[in-house]
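Trainee: Predicted structure and sequence below. I'll ask about it afterward.
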Protein chains: 2
Amino acid sequence: MTIAGQCPPWTPIVDNRLTPNTPAIPLRRTYIMRIETSFLFDLDGTLVDSVYQHVLAWKEALDEEGIKLSVWRIHRKIGMSGGLFMNQLLRETHGDISADRVDRLRRLHAEAYKRLRAQVCPLPGARELLAALTDGGTRWAIATSGRMETAAVNLEALGVDPAKAVVVTRDDVKYAKPDPDLFIAAAERLGVPIENTVVVGDSIWDMLAARRCRSLGVGLMAGGYGIDELERAGALRVYEDPADLLLHLDEVAARP
Amino acid sequence: MTIAGQCPPWTPIVDNRLTPNTPAIPLRRTYIMRIETSFLFDLDGTLVDSVYQHVLAWKEALDEEGIKLSVWRIHRKIGMSGGLFMNQLLRETHGDISADRVDRLRRLHAEAYKRLRAQVCPLPGARELLAALTDGGTRWAIATSGRMETAAVNLEALGVDPAKAVVVTRDDVKYAKPDPDLFIAAAERLGVPIENTVVVGDSIWDMLAARRCRSLGVGLMAGGYGIDELERAGALRVYEDPADLLLHLDEVAARP
């Protein structure tokens, strides 16, 4: 409360009185309601340069099963849960969706991917981005539609030890992307509210899942989607790759 | 000329006299100034499903030369002339651009592509689209940034005999896309003015080249670019693949 004639201990920055005669509400200089942002990262195409190898591995698997599908259509589905991806593809191509066939396709894909895996390495800036967040005290987790079996190699290349960092895989949830379960599980394991997280991903499925759980999607072009596709799926901002996101980190979250 | 009191042999559809007292200019019912559209097709990613195999073949070649480059960046350059593509990549990665190195990369790419080539087949509707144009009396040609050496297999899969159809390759022109030389040469060999052609392609380099020679670009998503990228590069319309273009052909050219 101010007393007329006495110098107040605070200085109002903005005079927000509704009418000039209403006494001003004191503005305090403590920061309340600050959002402490945590980051939930997709893996393939976001931290690791592996999307195109996955695409051609699926192409090989589908060819072997006699399912004719253009490669760009496979590309546009990548990032979904593998099971959902196959169900949707088989529905679209009016194919048989037996559990046997899905299992066979999954195995053929895994075999083909193994042959291409030698090419796969972290995306520019991926390791540096994770290190910068850790150094700054910002919490982060990895949430991937892949299984730990295939994710392990990529995590090793990134220098991420799943025994120490929070890593949620397809094995941990009932439904993968575009369902938000993976991101919700990751936020829970970090101990942060999902509304205070940023989901970083390269596919429109990451962006849809982010919106569905009230996280905030940030897109990376490193998986081969265009800016427009990611923005239309709800991305707040789109960057080229982890290096580009690191350069512009203040645009999406204040540093702690 | 009309004579007062006599019924004219024609009926004016629109009275386009500048003032009501000016005698009307007779409108004739013959069709003049009709544009007979011819089609100039790109090959890879437009008629044949081969873009992703080319992308990973370039990735393998670049890796072998110790040039680290994210796969999506290679994808976004595909469709350019191979030489230009490599010069631009090497400039961007600040690498050495010796003729030796460019030759080595080209050879490594060709070898890697040969291993992936078995997967490559015509895109849905490609053969049907070419057949429909031929049946309708519409002229068409193929203009590719690739060399006949690699194009031959794809032409065979499409059922196109380069001895009978007009096919222009990298071997025939000094500069490939985004320079318009390939399309200009194709129009010349068809004997049609370039202004009456539609260029069908999957990459922004096709669209840029089309605008540079005053052709009309029509984009296909089958090479993995998004609608927005193609439209921003000047595409009049964007379709999914040749089958989708065939369904909507009247949107871009009247049938003869």
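Mentor: That came through fine.

Trainee: Residue A:54 looks like it's in a helix, true?
Mentor: Yes. Assessed by DSSP: H, G, I helix; E, B strand; the rest coil, residue A:54 belongs to a helix.

Trainee: ok, now which ones touch it?
Mentor: Residue A:54 makes contact with A:44, A:78, A:109, A:113 under the criterion CB atoms under 8 Å, 6 or more residues apart in numbering or on different chains. Any C-beta I mention is one placed from the backbone N, CA and C, and that applies to glycine too.

Trainee: so how far is residue A:82 from it?
Mentor: In this structure, residue A:54 and residue A:82 are 10 Å apart, going by CB to CB, to the nearest Å.

Trainee: shared neighbours, these two?
Mentor: Here residue A:54 and residue A:82 have residue A:109 as joint contacts, going by CB under 8 Å, 6+ apart.

Trainee: circling back: mind listing which of the contacts of residue A:54 are in helices?
Mentor: Filtering these for membership in helices, criterion DSSP state H, returns A:109, A:113.

Trainee: want to throw the contacts of residue A:54 into a markdown table with distance to residue B:102?
Mentor: Formatted as a markdown table, the contacts of residue A:54 follow (distance: CB to CB, whole Å):
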| residue | distance to residue B:102 |
| --- | --- |
| A:44 | 31 |
| A:78 | 32 |
| A:109 | 35 |
| A:113 | 31 |
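
Trainee: With respect to pLDDT, which of the contacts of residue A:54 ranks lowest?
Mentor: When the contacts of residue A:54 are compared by pLDDT, residue A:78 scores lowest at 81.

Trainee: quick one on the thing from earlier: ok, and the most crowded of the contacts of residue A:54?
Mentor: Counting neighbours by other CB atoms under 10 Å in any protein chain shown, the top entry in the contacts of residue A:54 is residue A:44, with 25 neighbours.

Trainee: Ramachandran coordinates for residue A:199?
Mentor: Reported as degrees, to the nearest 10, the phi and psi values for residue A:199 are phi -90, psi 120.

Trainee: my read: it touches residue A:206, true?
Mentor: Yes. At 5.9 Å, residue A:199 and residue A:206 qualify as touching, with contact defined as CB atoms under 8 Å.

Trainee: Show me which of those two is the more surrounded one.
Mentor: residue A:206 (36 against 31).

Trainee: Point me to the helix or strand that includes that one.
Mentor: When elements are assigned from DSSP states H and E, residue A:206 belongs to helix A:204-212.

Trainee: Would you map the strands across chain A?
Mentor: Per DSSP state E, chain A carries strands over the ranges A:38-41, A:140-143, A:166-168, A:197-201, A:216-220, A:237-239.

Trainee: out of the ones you listed, nearest to chain B?
Mentor: strand A:216-220 (9.2 Å; CB to the nearest CB).

Trainee: that older thread, anything in contact with each of residue A:199 and residue A:206?
Mentor: Here residue A:199 and residue A:206 share the contacting residues A:42, A:217, scored by CB under 8 Å, 6+ apart.

Trainee: Okay, buried residues for stretch A:184-204 please.
Mentor: By neighbour count with 16 or more other CB atoms under 10 Å in any protein chain shown, stretch A:184-204 contains the buried residues A:184-187, A:190, A:192, A:194, A:196-204.

Trainee: Show me which residues of the stretch 101-250 of chain A are close to chain B?
Mentor: Residues of the stretch 101-250 of chain A lying close to chain B (CB under 8 Å from any CB of the partner chain) are A:116, A:119, A:121, A:123-124, A:221-229, A:241.

Trainee: where does chain A have low pLDDT?
Mentor: For chain A, applying pLDDT under 70 flags the ranges A:1-33, A:81, A:255-256.
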